[in-house]
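[1] curious how this folds, go ahead:
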Amino acid sequence: MATVNNILARDMNPYREDSASAVRKTVPANTNAKTDAEEIIISPPVVSTEGERARIASDIRIGGNMKTLWFEIDEIYKNYLAGDTLDAFVVASLIPAILRGENIRLKGPMSAKLFYNISCSLIPILSEYLEKPSVTRIFPDGFTAATTGGAGVAAGFSGGVDSFCNYYDHSHGRVPDAFALTHFIFNNVGAHGQQGMDADRALFLRRFARLRDCADKLGRPAVAVDSNLDEFIGQKFELTHTLRNTAVALLMQKEFCKFLYSSGYPLSETRLGPDSNMSHLEPVILPLLSTERLECMGSGGRHSRVEKTRRVAEIAESRHYLDVCVAPHNAPEGLANCGVCWKCIRTATTLKIFGKLEEYAHVFDLKSFAMFENLYLIEVIGGKTPYVKEIRQLIAEKNFPVPRLVRLIGTLLPAAVAQQFSMRIIPALLRHKSIARFINRSLAW
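    All right, here's what the predicted structure looks like:
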């Protein structure tokens, strides 16, 4: 079987050497490939169990150092893990490889479909995105034998607007049964602050305790996945998040046949090329991360942010579990959302225009929000980002009252200045709350 796999790898690899020796050994690099010392080398995955935890790990040589990339889940989900393929570890290594200008060599098999898509399309796309030469090549030891996967449909679930909307759109009755969500995944792959492994894990566990209760009420099992992926990749989460989270889904393709990734932007915002947020690439790159067993696809891109928020407000559980905050350390004890970070104030403002904000008193710091709401409305009136344009349109549709002074200032300020309120001005005023209260009251006429 190993020989067959190597023959397949030789025949499918567009970068192979046409020599008989390639049949008998790991797929070789061509004469122009880098030396072994300049390759990322991924060892076969090992699945192990300790106590109530199951781990899948691979030793990866990168930059002359050996690193172990690992993922852990509850032992009851051990059978979900696809230990017969290196798919997840290849996807996790793509960004480091492209940034370093190095090849990836595997000491084990991967999906032929994934190999083809990465080699022919994804590497060129990501190289342009990262503004790096498209030189990375993958040399697998063979291809994963044809096998059937599970029937589960998974989606990441953070408790945010995107993931709640994803649940809303893919509940039974709204889509064909084959697309209805069966599982939630909650990952520790860099979305919990990037303040170091211990701090991130503490926040990950605290958030999961709440989300597990929410998942129970929504009638879906929630699989928590801990890992050291953030440390391994070593880049900003926004730059790489799609690959990080999809790598986790690829780990569990024995159980799942579909992975529905919550979109961060509407489809109209799709674009290729250099960027700081991978969300703009998702409609293009997610299908390229599919395998013979797991279909990866985006979800929610047809909706505006305002429409997503409206749908979320129809889910009763969101009133107790909505979690959008990027500064949870500023939230009072018992609340998930500080009410004033750029994501909180945007979401709370939208909910207020819909007349729903008071229903979210269990999750938002409404006192802090009230201290800055008029300042943020200046950004809404004067800004030009897609999000504030949506909110401005909602204000017009709902005939929502905006103070005259706010409208005047928002109209007169240059858009570039108005757009700084949520990211710079409001955070600066958090240290001077008495001044913030005075300004907010002064703007209220």
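[2] got the contact list for residue 217?
    For residue 217, the contacting residues are residue 317, taking Cβ atoms under 8 Å, 6 or more residues apart in numbering as the criterion. Any C-beta I mention is one placed from the backbone N, CA and C, and that applies to glycine too.
[3] oops, could you answer that again for residue 58 instead?
    Residues near residue 58 by Cβ under 8 Å, 6+ apart: 42-46, 68-70, 86, 89.
[4] which ones among the residues you listed lie within helices?
    With helices taken from DSSP state H, the overlap with the contacts of residue 58 comprises residue 89.
[5] out of the contacts of residue 58, flag the one nearest to residue 192.
    Within the set of those, residue 70 lies nearest residue 192; the separation is 17.1 Å, counting by Cβ to Cβ.
[6] what sits opposite that closest one in the beta ladder?
    Taking DSSP bridges as the rule, residue 70 bridges to residue 57.
[7] check it and give its pLDDT.
    Here, the pLDDT recorded for residue 70 equals 97.
[8] so what's it up against?
    So, once contact is read as Cβ under 8 Å, 6+ apart, residue 70 ends up touching 55-58, 227-228.
[9] coming back round to it: redo the contacts of residue 58 as TSV? Include distance to residue 281.
    As requested, the contacts of residue 58 are arranged in TSV below (distance: Cβ to Cβ, whole Å):
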residue	distance to residue 281
42	24
43	29
44	30
45	27
46	32
68	29
69	23
70	27
86	23
89	21
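[10] could you turn the buried ones of the contacts of residue 58 into a PyMOL selection?
    Selection command for PyMOL covering only the buried members of these, criterion 16 or more other Cβ atoms under 10 Å:
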select buried, resi 42+43+44+45+69+70+86+89
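[11] now flag whichever of the contacts of residue 58 is closest to residue 346.
    Within the set of the contacts of residue 58, residue 69 lies nearest residue 346; the separation is 34.7 Å, counting by Cβ to Cβ.
[12] hang on, the earlier thing: I'd like to know which of the contacts of residue 58 is nearest to residue 109.
    Proximity of the contacts of residue 58 to residue 109 (Cβ to Cβ) peaks at residue 86, which lies at 6.8 Å.
[13] what's near enough to touch that closest one?
    With contacts taken as Cβ under 8 Å, 6+ apart, residue 86 has the following neighbours: 42, 44-45, 58, 106, 108-110, 140.
[14] distance to residue 134 and pLDDT added to the contacts of residue 70, as TSV?
    Shown next, in TSV, are the contacts of residue 70 (distance: Cβ to Cβ, whole Å; pLDDT from 0 to 100):
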residue	distance to residue 134	pLDDT
55	34	97
56	30	97
57	30	97
58	25	97
227	28	95
228	28	94
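[15] considering those residues, which possesses the most neighbours?
    Using other Cβ atoms under 10 Å as the contact criterion, the top neighbour count among these goes to residue 227, which has 27 neighbours.
[16] list the beta-bridge partners for that residue.
    Beta-bridge pairing of residue 227, defined through DSSP bridges, involves residue 71.
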